[in-house]
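[1] sequence plus the predicted model coming up.
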Amino acid sequence: MFETNELIVIAMLSSFILLIFSGYPVAWILAGISVLFSVGSILAYQLFDVDTYFLTDWRIFGVMVQRVYAQMTNWVLVALPMFIFMGLMLERSGVAEKLMQNFVDLFGRFRGGLGVAVITIGILLAASTGIVGASVVLLAMLSIPTMLEQKYSPAFASGIVASSGTLGIIIPPSIMLIIMADQLSLAVGDLFMGALIPGVMLGLMYIAYVIIASIMFPSLSQPRTDLPPITLKMILKTLAAVIPSLGLILAVLGSIFLGIATPTEAAGVGALGATILAAMNGRLNMAVLKDVSIKTSITTAFVFGIFLGATAFAVVMRSLGGDEFIGGLLKSIPLSPEGIVIVILLITFIAGFFLDWLEISLILLPLVGPVVAALGFDLTWFVVLFALALQTSFLTPPVGFSLFYLKGVVPPSIKTTDIYKGVIPFIMIQLLAVALVFYWKDLVLWLPGVRYG
């Protein structure tokens, strides 16, 4: 049977899951549960001598303050607002519009070509922004009307846009990878290098699916017949439209991979680079700068609010012995170490139906990470694998944020059921990518290995 402190841990986790559906902000839920269970556990120990593990006196609140302070003074997290600023400024820079126009001229003549163009732009945006919401909305506004004009199936078009936008969460520079690195005390640069090949591979798998599906089922998409012939000038014009994005990617990721800059310093380079691109395209003015700065502040405050709540939650959970309890449960599963990792990934996939990636990264990952390390697995490999599994949370209802972003900007002719149908094949592709990374660890570990010899 469970010990008393273990029952409190179960009650704490259950309360969090139930209150998620209440509609209250997650940051307040995490902080409120932490305070309530701290006070309740201390009183239970002091008044009734109930075993509450290490949670026995009021010093726990001092520990919370110390942990929150340590979180706020973590220099790794300084990269977050700058990467957010970079993504939002790039969205306003006009780079994506130029890419879409040139890619449509070049690829629109082929069956499924517009879908390939959208995914390609999604890959470039992912490697430049790392923000899913901005990418999904921008891709939808640029491509959905054109795809519908070309007789693309509403479900097919929706699936392409929603899934392409999620690439920003796995292809570096990824905000999610920065947070995961912080939670497990890993090097952000290692995670960026480890996630690059799996992220690009996933984008190429999307492209392969769009091409194959368009050929096998011609009703899904129609090629355009009103485009001029492909010329050298058209190809050079398209390459010229790609260069700014590639330059920004090389400036950010190249400086990290070559050891020239830390991720925090590279984030500053990216923020400046996106601002310069906006100025070069005539899109930079005080109104744009003010709007991007305000949105950056709001997004950063939202992320750090959840950080603070999750920090308090983790302090109380560990004081109750929650990490040992979860670790013991996982290790008691009668499976091989690989089987235990599969169980963790399955839990992550199911949790993604109901929880946002941020809550899962801040609560579940710190609990299972030490268990995976104790089983002898490389944590860089596991975190990238975990991130790939977690990426499905953006597409799985009822809390798939990409679905909400997309529904908010698509024409009324595209129904919610069309969006749900459209993302199913891409969720399957994501799970296939998880399986490939699980069986071929070098997809993650090869690039860091080359970098460090």
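    Arrived safely, thanks for sending. Source: prediction; values computed, not measured.
[2] can you give me the offset of stretch 118-129 from its chain's centre?
    14 Å (C-alpha atoms, centre = their mean, to the nearest Å).
[3] does residue 168 really touch residue 135, like I thought?
    Yes. Counting by C-beta atoms under 8 Å, residue 135 is a contact partner of residue 168 at 5.0 Å. Backbone N, C-alpha and C define where each C-beta goes, glycine included.
[4] overlap in contacts, the two.
    Here residue 168 and residue 135 share the contacting residues 87, 122, 125-126, 129, scored by C-beta atoms under 8 Å, 6 or more residues apart in numbering.
[5] shaky segments in this structure?
    Where the chain drops to pLDDT under 70, the residues are 1-2, 129-130, 452-453.
[6] and the longest helix for it?
    helix 286-319 (DSSP state H).
[7] can you give me the buried ones in that one?
    In terms of neighbour count (16 or more other C-beta atoms under 10 Å), helix 286-319 has its buried residues at 288, 292, 295-296, 299-300, 303-319.
[8] quick one: name whatever helix or strand follows that helix.
    helix 322-331 (DSSP states H and E).
[9] can you check what angle separates that following helix from helix 286-319?
    Calculated by axes from the mean of the first three to the mean of the last three C-alpha atoms, to 10 degrees, helix 322-331 forms an angle of 80 degrees with helix 286-319.
[10] how about the secondary structure of residue 377?
    With DSSP: H, G, I helix; E, B strand; the rest coil as the basis, residue 377 sits in coil.
[11] that one is in contact with residue 340, isn't it?
    No. Taking C-beta under 8 Å as the definition, residue 377 is not a contact partner of residue 340, at 9.6 Å.
[12] which residues touch the residue lying closest to residue 376 once chain neighbours are set aside?
    Nearest residue to residue 376, sequence neighbours excluded (C-beta to C-beta, 6 or more residues apart in numbering): residue 337, at 6.5 Å. Residues in contact with residue 337 (C-beta under 8 Å, 6+ apart) are 375-377.
[13] most neighbours of all those, which one?
    Neighbour tally across these (other C-beta atoms under 10 Å): the maximum, 18 neighbours, falls on residue 377.
[14] in three-state terms, label residue 151 for me.
    Under three-state DSSP, residue 151 falls in the coil class.
[15] how many residues are close by it?
    Residue 151 has 12 neighbouring residues, counting by other C-beta under 10 Å.
[16] how near is it to residue 173?
    37 Å (C-beta to C-beta, to the nearest Å).
[17] just residue 112 next, same as before
    Taken as C-beta to C-beta, the span from residue 112 to residue 173 is 29 Å.
[18] more neighbours: the two, which one.
    For residue 112 versus residue 173, the count of surrounding residues by other C-beta under 10 Å is larger for residue 173: 28 against 25.
[19] let's verify the more buried one: helix, strand, or coil?
    Secondary structure state of residue 173, per three-state DSSP, is coil.
[20] same deal with residue 367?
    At residue 367 the chain is in helix, as set by three-state DSSP.
[21] which one is it nearest to, not counting chain neighbours?
    Counting by C-beta to C-beta, 6+ apart, the nearest residue to residue 367 once its immediate chain neighbours are dropped is residue 326, at 4.6 Å.
[22] quick one: residues in contact with stretch 296-304.
    27, 72, 77, 80-81, 84-85, 88, 175, 179, 358.
[23] what's the most distant pair in these?
    Greatest spatial distance in the contacts of stretch 296-304: 72 and 88, 22.6 Å, computed using C-beta to C-beta.
[24] out of the two, which sits in the more crowded spot?
    residue 88 (24 against 12).
[25] element containing the more buried one?
    Take DSSP H and E as the rule and residue 88 turns out to sit in helix 79-92.
[26] now whichever helix or strand comes after that helix, how far from the centre of its chain.
    Remark: after helix 79-92, the chain's next helix or strand is helix 95-107, criterion DSSP H and E. From the chain centre to the centre of helix 95-107 is a distance of 25 Å (C-alpha atoms, centre = their mean).
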